[in-house]
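Student: return a 3D structure for these sequence lines:
(one chain, ligands or ions: 1)
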Amino acid sequence: MSELNHPDYNEELDHLERTKSYMDHFINEISNKQQHSAGQIKEAYEILDFLDSSQSYITILVNARYLDHSTETVDKVKRAKSSPYFSRIDFRDHRDEEPKSYYIGKLSLFKEDNEPVIIDWRSPIASLYYEGRLGEVSYKAYEGEITGELSLKRQYTIENEELQDFFDVDITTTDELLQASLRGSADNKLKDIVSTIQAEQNQVIRADLNKPLIVQGTAGSGKTTIALHRIAYLIYTYEKSFNPENFMIIAPNKLFLDYISNVLPDLGVEEAKQTTFTSFCFELLEIKEQLTLQDYKLSTLLENYGLTNSEKDLIKWRATFKGSMTFKKLIDNYICQIEQDLLPKEGIELEGYSIMSKDEITTAFMKDYSYLPLFQRIDHIKKKLSTRAKQQKSLIIQSIQSEYEQKIDQARKSENQELGRKNAVALMEERDQKIARVKQGAGKIVSKYTKQFSKKNYLTHYKNLMKTPSLLKKFCPGNIDEEKVNYLSKTAKTLFKHKQLELEDLAPLLYIKANLEGFSTEIESTNVIIDEAQDFSLFQLHTLKYVLNTKNFTLLGDLSQGIHAYRSIKDWETVNNHIFDKEATSLSLQQSYRTTVEIMNLANQILEQSVNDNVPLARPVVRHGKKPENNVYTQIPDLIQDLAETITKLQSSNYNSIAIIGKTMNECETIKQNLQQQRIDLPVLTGSEEDYQAGAVIIPSYATKGLEFDTALIVNLEEEYQKNELDAKLLYVSMTRAMHELYIFNILGKIEFLN
Ligand SMILES: Nc1ncnc2c1ncn2[C@@H]1O[C@H](COP(=O)(O)OP(=O)(O)OP(=O)(O)O)[C@@H](O)[C@H]1O
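Tutor: Numbers count the residues shown, from 1 in each chain. Model (predicted):
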């Protein structure tokens, strides 16, 4: 119910005016202080004495810092003024007599006496707005659990500094703000949802930072959105421990990164590193020029390249195996062998004197420096040996001198004086030569000795392993089929011959490099957020954790959308057990916000027919819309004509984004050509584009993952969706991209699920 005639209406109008005028006052105050600071800087420059200017420098530094910081604050307050808050809660802390009103917005603003004007949505008490029901409630504050009574939850729509409307939320009312927000149209970018975060989402945002977090969320449940809000929350809550740069968002592709790009500055987290697994690996492996990534396994499996089912099974097996913890163990065994081969066969000696014994070097290698990659251990041992050789040199020389002194003395005391003299001279020469050899040798002996340590680089080692069936067999834990080993090795040889890698090679390569060489790039990320995590393999996740040396992971994914399930994880429990030693918090998001009840019901029917993931189906937020249209044809030209008409109609409607989804890239090309004959020319997206402008596009089903469009048109001309798990998931993903309308245009019998 709209509340413009609410008894509090005038009071709310007044409150908004008071808030805005306080914001103006705050901005003015800061501007005055800034002028003062600027004056102080100017003055300090004028009296700057270049010989003794420490005081002036301090003045300049302190004031410059203040100017920087305060400009940022003023900008934030100015930006917030057009809509200073979006909700209010009235809460009586049990320790107080009276309830207090808290207005919640995108920033905190306090009066000089610490009285809150606006409370940041990330502050502990704001949790009550997202999770609390009217009545007895509690929230976690910095000082512990606070209990009390929540007597009001009110939502506001404030635009351009004007109060448009407000609603009170109680147990029975629907969330008006949420409904209004979901009715909106999808432009090409994700938006922030701070005013409508739901209770289950709030729990994900505020989940304990010190434990890894795994979130299973159905399509459209807000995983991507919530992941970004979680970063904003963590930066706010742990501002002393983290900067935005310490966060890394790993997304499925570049198009997706563009899709989330708008919301990052709104949430103040644009400095977080945004990358894909492939880009991150290429950055650390430094192999851009030498090798290219070949990743068309899914399309190979989908498109009809004349492969038999058993050939397709082998391709799937290869991907599964290379992403498995068994393969990780195989690599571990191989690294152990490299380590053993590097162990010294003997100690290092100079002129018969020991510089370092074999045991001592082995201990340094296997124990003292065991925390370092193998080649870095060698470098440390080399340094240690050089220092030792330098120290020993003078001791050895001294000991040679005293040894020969005695010998020479004895020679001189010989009865045969002539012979004695000759012997003494010979001994002196021998001594001098020995000393010269020690002096010379001490410089060279270390590099000569360390030459025995072969430092073949990580790529050479990996290629060697993959190309040699006997090595694969030797290091594989448990039994592995001879035929499969040969197949693995044969495919690797073909790839390497063409200077190519496949996606599944990246984790082992990164892992081997981390163990042998380490990285030249400094890794700042201590918190990792992986979206679409269901597409990762255990080995990929393990490698990320190993390389980044942190357990601060937030994984968000949906097993029902696991279109790469042949190569990736099958359930979250295994991830928790293998990667996080069972320490992870597991949360689930079931409510879906993107699409209408009608579209979600149809999408759920597809899953029910073929997917058995034990994942609960999505529950759409109650928002009704047009029933999905299933248009079936027997002739392609008839289909294309109707499709063209629908696209034209949608383009002239209010919808910003329209996706024409083909199952595969080949199908997309066919759709494009057919539409061109109808004088509709649309771009085909692959997922690797750096940006997507709103409008109509043709896109293959697997590249739509994570994205959303106002309307989705699923088109089947030649390809089929058969009743198998992969096709069901592809169809499910495609259907759930639509926010408002879904159309299916298919040739009779091409979509078995709809027969
Ligand atoms: N609490 C909310 N209030 C308003 N809109 C929401 C809320 N939660 C999610 N949405 C909207 O729902 C849509 C889906 O969100 P998002 O893309 O983050 O979901 P997802 O779980 O990552 O989806 P998928 O797995 O299907 O890609 C977005 O338009 C987002 O703005």
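Student: please list the residues of the stretch 51-200 of the chain that sit near the ligand.
Tutor: 178, 181, 182, 191, 193, 196, 197, 198 (C-beta under 6 Å from any ligand atom). Backbone N, C-alpha and C define where each C-beta goes, glycine included.
Student: next one: the chain
Tutor: 178, 181-182, 191, 193, 196-198, 201, 217, 219-225, 558, 561, 593-594, 706, 708, 736.
Student: out of those, which end up buried?
Tutor: For these, a neighbour count by 16 or more other C-beta atoms under 10 Å gives the buried set as 178, 182, 193, 196-198, 201, 217, 219-225, 558, 561, 593-594, 706, 708, 736.
Student: mind checking which of those residues are in strands?
Tutor: Those of those mapping onto strands are residue 217, per DSSP state E.
Student: got the domain ranges for this structure?
Tutor: Annotated domains of the chain cover 345-451, 597-747 [the TED database].
Student: quick one: closest of these to residue 122.
Tutor: domain 597-747 (23.6 Å; C-beta to C-beta).
Student: now the closest one: mean pLDDT?
Tutor: Mean pLDDT, computed over domain 597-747, is 91.
Student: just the buried residues of stretch 707-715, please?
Tutor: 707, 708, 709, 710, 711, 712, 713, 714, 715.
Student: same question, stretch 539-555
Tutor: 539-548, 550-555.
Student: one more: stretch 436-455?
Tutor: Across stretch 436-455, burial judged by 16+ other C-beta under 10 Å covers 438, 441, 442, 445, 446, 449, 450, 453.
Student: average pLDDT across that stretch?
Tutor: pLDDT averaged over stretch 436-455 gives 79.
Student: mind checking which of the buried residues of stretch 539-555 are in strands?
Tutor: 553, 554, 555.
Student: next one: residue 63, what pLDDT does it get?
Tutor: 79.
Student: same deal with the one 10 residues further on?
Tutor: pLDDT recorded at residue 73 is 87.
Student: tell me which two in the buried residues of stretch 707-715 are the farthest apart.
Tutor: 708 and 715 (18.2 Å).
Student: surely residue 710 forms part of a helix?
Tutor: No - counting by DSSP: H, G, I helix; E, B strand; the rest coil, residue 710 falls outside a helix, being strand.
Student: ok, it touching residue 741?
Tutor: Yes - counting by C-beta atoms under 8 Å, residue 741 is a contact partner of residue 710 at 7.2 Å.
Student: alpha carbons only: can I get the lengthiest strand in the chain in CSV?
Tutor: With secondary structure taken from DSSP E, the chain has its longest strand at strand 144-159. Written as CSV, here are the backbone C-alpha positions of strand 144-159 (Å, rounded to 0.1, in the frame of the first residue of the first chain):
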residue,chain,number,x,y,z
GLY,A,144,28.7,-9.0,21.3
GLU,A,145,25.1,-10.0,20.8
ILE,A,146,22.6,-7.1,21.3
THR,A,147,18.9,-7.9,22.0
GLY,A,148,15.9,-5.7,21.8
GLU,A,149,12.7,-4.9,20.2
LEU,A,150,12.2,-4.0,16.5
SER,A,151,9.0,-1.9,16.2
LEU,A,152,9.2,-0.5,12.7
LYS,A,153,10.7,-1.4,9.3
ARG,A,154,10.1,1.3,6.7
GLN,A,155,11.2,1.5,3.1
TYR,A,156,11.6,4.7,1.1
THR,A,157,11.8,5.6,-2.5
ILE,A,158,13.7,8.8,-2.7
GLU,A,159,14.8,10.1,-6.1
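Student: that strand pairs with which strands?
Tutor: strand 87-93 (antiparallel), strand 135-141 (antiparallel), strand 162-168 (antiparallel) (DSSP bridges).
Student: tell me which residues of the second one are tucked away?
Tutor: What that stands for is strand 135-141. 137, 139.
Student: what does stretch 664-683 give?
Tutor: So stretch 664-683, judged by 16+ other C-beta under 10 Å, has buried residues 664, 665, 666, 667, 668, 670, 671, 672, 674, 675, 680, 682.
Student: coming back round to it: of all the buried residues of stretch 539-555, which comes closest to residue 514?
Tutor: Relative to residue 514, and with distances defined as C-beta to C-beta, the nearest of these is residue 547, at 5.1 Å.
Student: any figure for the gap between residue 400 and the ligand?
Tutor: Per C-beta to the nearest ligand atom, to the nearest Å, residue 400 is found 75 Å from the ligand.
Student: and that residue, what does it touch?
Tutor: Residue 400 is in contact with 351, 431, 434, 435, 438, counting by C-beta atoms under 8 Å, 6 or more residues apart in numbering.
Student: could you list every residue that touches the second one?
Tutor: Applying C-beta under 8 Å, 6+ apart, we find residue 431 in contact with 400, 401, 404, 408.
Student: mind running it again at 7 Å?
Tutor: By C-beta atoms under 7 Å, 6 or more residues apart in numbering, the contact list for residue 431 reads 400, 401, 404.
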